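> Okay, predicted coordinates and the sequence, questions at the end:
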Amino acid sequence: MSPYLLQAEGVTIRGEGVTIAPFSCSLEAGGRLTLLGETGSGKSLIAQAIMGTLPRGLAARGQLVIDGEDFDAADATSRRALWGHRLALLPQEPWHALDPTMRSVSQVAESHRHVAGRDRRAALQAAWADLAELGLAEAGGKLPGELSGGMAQRVAFAAASAGGAPIVIADEPTKGLDAPRRNAVVELLARTPEAGGALLTITHDIDVARRLGGEVVILRQGQVVERGPAQQVLAHPQSEYGQRLLDAEPSRWPRPQPLGERQAPVVSASGLAKSRGGRELFRNLSLEVSPGEIVGVVGPAGCGKSTLGDMLLGVMHADSGEIHRATGHPLGFQKLYQDPPAAFSAHWRLARLLDDLVHRHRLDRAAIAPLMARLGLDENLLGRRPGEISGGELQRFAILRVLLLEPCFLFADEPTSRLDPITQRQTLELLVELARERRCGVMLVSHDPALIERICDKRISLGGPASVTKQERDPAMA
Amino acid sequence: MSVALASRTTPRWTVGLGGLLLQRLFQAGLVAWMVGTLTFVLTRSLPGDMAYRIAAGRYGHDMVNTSAAESVRAELALDQPALTAYFGWLWDLVQFDLGRSLVSGEPVITELWHQLGHSLGLAAMAVLLSLLLGPPLGLIAGLKPNGWLDRVSEVAASVLRALPPFAVGLLLILIFSVSLGWLPAAGHGRTAHGVLPALTLALALAAISSRVARNAMADVSQSAYYAFSRTKGLNERLSFLRHGLRNAAVPVVAYLGVQFVYLIEGVVVVETLFAWPGIGHALVHAIVARDVPMIQGTALVMGLMFVALNTVVDLLCHWLDPRRRSA
Amino acid sequence: MKALASTPARRWTLPTLNGRQRLGALLLALLLAFAWLVPWLNEADPARQQLTRILQLPSLAEPLGTDHLGRSLLARLASAVQLSFGMALLSVASAAVPGVFFGVIAGWHGGWLDRVLGSLADACLALPGLLLVLLLVAIAPGNFWALYVGISLVLWIEYFRVVRARTRVLVASPQLEASRLLGFGPFYLFRRHLWPELAPQVLTLAAFGAASAILAMAALGFVSVGLRPPTAELGLMMIELLPYYHEAPWAMAQPIVVLFVLVLSLNLLAGRDPR
């Protein structure tokens, strides 16, 4: 018998414009393997090929050994009997993976009952015990819609692992979670190899890969770019792409140029308070943003980061407090959005949208070409519609559109959270550079404290224990 | 089906069960008011001396005299100013005093009571048949979208949706009564009489509910939670029973509310075609005979039946979908 | 900046139709061509009776035969399609315009205006549509306008609800907020953001609405409370020809087939039900 719990030998995937080069791996008991890559790198497809859940139109080839048994990867149904018993899959976006009409505890209990084969009462008891152990004792009676993302992830983990499968495949387990939740999920995942199982994780998050340890495989466009022990690959990558990927981590970004002397603020607020749905978001919050300054806002989901920015823009009203905006800039207050396609009407070509803006405000067309070149936007993109270009390009187009109005304050609401790390770095570097150059104050929201730490002149953190904590740090002054 | 000025009544789910029932109660009041107002306008707009005409209808042309006409005039309050008469009319309605039929002279309530039984029987049989036909077919088709069953049932549903119930009924009569002679075409009394009208209505209802069920099931079977229920180790049958059925049933049941519009409208036409002595038949007769109290009574009962059926759908949805209970 | 310097000429692009919708459009075009070309090529009067030539089989002189009063079925069917389609078009137009208008207003403005308009729509919905039409028709029997008003009154709600719901989502969306911050006014927001999203749904509703209107008119004709003889109307023709089924099954089948094709073509054209 093979010493490995999970082995893949020359697994390829083909069909509908997708080609995944032969992929092999071996995981023994206690082994950890992490597939790291951007969207479209094919990392999830490899997991699906092993499970036998590839979407229609894609076909896998190659050999698999799972828990001592041989399988032909081409026969997708052959692994069906292993699901839950020997092969467990932690789903992407656990919120959607839980049945919206069934209470959490029942979704865990049914795994104990129908997969592990316990009787009804024992299954229910085991489910409650699982939830209690994961710190979810009070969530058992709730529906998935009433759980937070982190809680849903733990419920899904309990439901997937109740069958006691030794091999766990986790597909983007930290997608959409903020930093503390992310670390909790990593700890949860590490239990499987610690108990003598094998863990295969798919992620785009370098930090998650580093924390999990074991072996790391970097994928790009269906090809393995580099592989090796995590400490080695994630510290001293040999490939050029691996190096770029690593450099995209905020902690490795270069610091922006110093702000220089602070001028009169473009927007300032004092004594701001806001409640939503009967819950106080913040109280007695004061801040100011100077021209060219980058102010970071951090805090857990739902703490009112976007609300704060919208109030500064004048889109939303504060419950109390005062906001002063610099005068003489009727269109000087602009916003960048989290999901670039959502900020555009999908039906019109970009050229048309740009034309609309030029006509509306009698802008100088001559300003467009140099700015486009600066943002790395090709002229041909203008002939396309928002859905037809990449998210990074569209976000840079949004920056272009906004900068044409020569804003004095820009609220950037997680502008890069949907972008790949390399694109994120490129986009934010440009944004910071242009903001400094054009003396535009920026308020940048992010769920990644490291990113804020790196590029912001000042940081506001919301949703702390005392409703609002405010820290200032000014590297330019330091 | 689509004699379908398909109107949709989707109550707002943000309110609790109590609020929901209150909304339906309000709707019932609205129905009564609208029927009352429209029939009142109807009495006022009838041409000629209404009282004489009605009296002639009731007692025969030879028997009409001034006193008979006067008594009719008083009964319908034709001699009063419009506004007074209007409130008097609504007041009678509130007290469920629906008057007497101008044609038969019987109290409207008595007639309605008989007719309601027939109509409810027909409607119940139609709904039951349609539920046996439509949703199961749709669920199976939805498990394999674009499979042969899906395509065949789609074509069948498109054809049925393009045929009004009276045309379907006609075809059924021509096939089963006239050509084959298996079932009676019209009348009532034996169960056999009910088969064709119920089948006509049921086919129309099933054409829609099968597609609603198909779409609901297709959505569910492609959902992340359905995939997860399988990968976590439940077999196909358990996944379907525990996660497929309930989630697919929610939109199907919610859509029943819309379907009842088709049902009520279908009842009018199908009862007339098959000479089924129910409310719809009576309504059409009353309109042709300009029997105002009967028009009011039948329209009122049909409107209230519609509200009552929708209330049942609300309760069913509430019971099926725990999200609504927690909201 | 070539792409910018020369603004692309404004072109009307037809909405892209899928295969099923194309089939529907083709069927509808054929039927309408029939309805408007027949009277033009052949001057038969749909009301002219020839009691010597009743229930005749199709012939060269009478391509579709004659009915129980010797009237030309070809002329009657053409006239009936014109009537049904014309009425459907009229009621769809008079339902869609206020429906979309009030839907946008209610969804955009929100607050009390939304509640008032919403309650108005709910009131129209309290009764099943056909019942409301029946009551209106009872007030003015055999009157085309009563039928038209009743049907429009029921149809507008559908547009109102769909448009209101969609507008409400769009008005709160980042795309609208972004354009507003960029300094664009309400007309621009409607033209660039709302209408492109609403138009396909409105067209779908229009096709379904037309089918519903045609079916409702035929149903009322069939139960003899709609338009009166001698009007050539599909439902009326069916009930008139029903007693002659044994002698002339082909005559009976014609209005059914025409109604079926008319409604089927509209349903196909509508695409997927947005409700």
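Yes, it's here. Numbering: from 1, shown residues only, chains lettered A, B, ... in the order given.

> which stretches of the stretch 1-150 of chain A form strands?
With DSSP state E, counting those that start in this stretch as the criterion, the stretch 1-150 of chain A has strands at A:4-15, A:18-28, A:32-37, A:59-66, A:69-72, A:87-90.

> What residues sit buried inside the last one?
By neighbour count with 16 or more other Cβ atoms under 10 Å in any protein chain shown, strand A:87-90 contains the buried residues A:87-90. Glycine gets a C-beta too; all of them are placed from N, C-alpha and C.

> What about chain B: which of these touch it?
Among the buried residues of strand A:87-90, proximity to chain B is found for A:88-89 (Cβ under 8 Å from any Cβ of the partner chain).

> In contact with whichever residue of the stretch 51-200 of chain B sits closest to chain C, which residues are there?
Chain C sits closest to residue B:162 of the stretch 51-200 of chain B, with a gap of 3.7 Å, by Cβ to the nearest Cβ. By Cβ atoms under 8 Å, 6 or more residues apart in numbering or on different chains, residue B:162 lies in contact with B:2, C:211, C:260-261, C:263-264, C:267.

> Deepest-packed of the strands of the stretch 1-150 of chain A, please.
Mean neighbours per residue, mean count of other Cβ atoms under 10 Å in any protein chain shown, is largest over these for strand A:87-90, with a mean of 28.

> looking just at contacts, which helices and strands does that strand meet?
When contacts are defined as 3 or more Cβ pairs under 8 Å, 6 or more residues apart in numbering or on different chains; DSSP states H and E, strand A:87-90 packs onto helix A:43-51, helix A:149-161, strand A:167-171, helix B:224-231.

> would you put the C-alpha positions of that strand in PDB?
C-alpha atoms of strand A:87-90 as PDB (Å, rounded to 0.1, in the frame of the first residue of the first chain):
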ATOM      1  CA  LEU A  87     -12.600  13.000   1.100                       C
ATOM      2  CA  ALA A  88     -14.100  16.200   2.500                       C
ATOM      3  CA  LEU A  89     -14.400  19.500   0.700                       C
ATOM      4  CA  LEU A  90     -14.600  22.800   2.500                       C
END
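
> For that strand, give me every contacting residue.
When contacts are defined by Cβ under 8 Å, 6+ apart, strand A:87-90 is touched by residues A:47, A:50-51, A:53, A:66-67, A:79, A:83, A:156-157, A:160-161, A:163, A:165, A:167-171, A:173, A:189, B:228, B:231-233.

> since we're on the spatially closest residue to residue A:341 that is not a sequence neighbour, how many residues are nearby?
Nearest-residue entry for residue A:341: residue A:386, 5.5 Å, with adjacent residues in sequence omitted and distances by Cβ to Cβ, 6 or more residues apart in numbering or on different chains. Residue A:386: 23 surrounding residues under other Cβ atoms under 10 Å in any protein chain shown.

> List the residues that contact residue A:386.
A:340-341, A:344-346, A:350, A:394.

> export the strands of the stretch 1-150 of chain A to JSON lines and tack on mean pLDDT?
Shown next, in JSON lines, are the strands of the stretch 1-150 of chain A (pLDDT from 0 to 100):
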{"stretch": "strand A:4-15", "mean pLDDT": "86"}
{"stretch": "strand A:18-28", "mean pLDDT": "86"}
{"stretch": "strand A:32-37", "mean pLDDT": "91"}
{"stretch": "strand A:59-66", "mean pLDDT": "88"}
{"stretch": "strand A:69-72", "mean pLDDT": "87"}
{"stretch": "strand A:87-90", "mean pLDDT": "90"}
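
> Select, out of those strands, the one closest to residue A:417.
Closest approach to residue A:417 among these is made by strand A:32-37 (17.8 Å; Cβ to Cβ).
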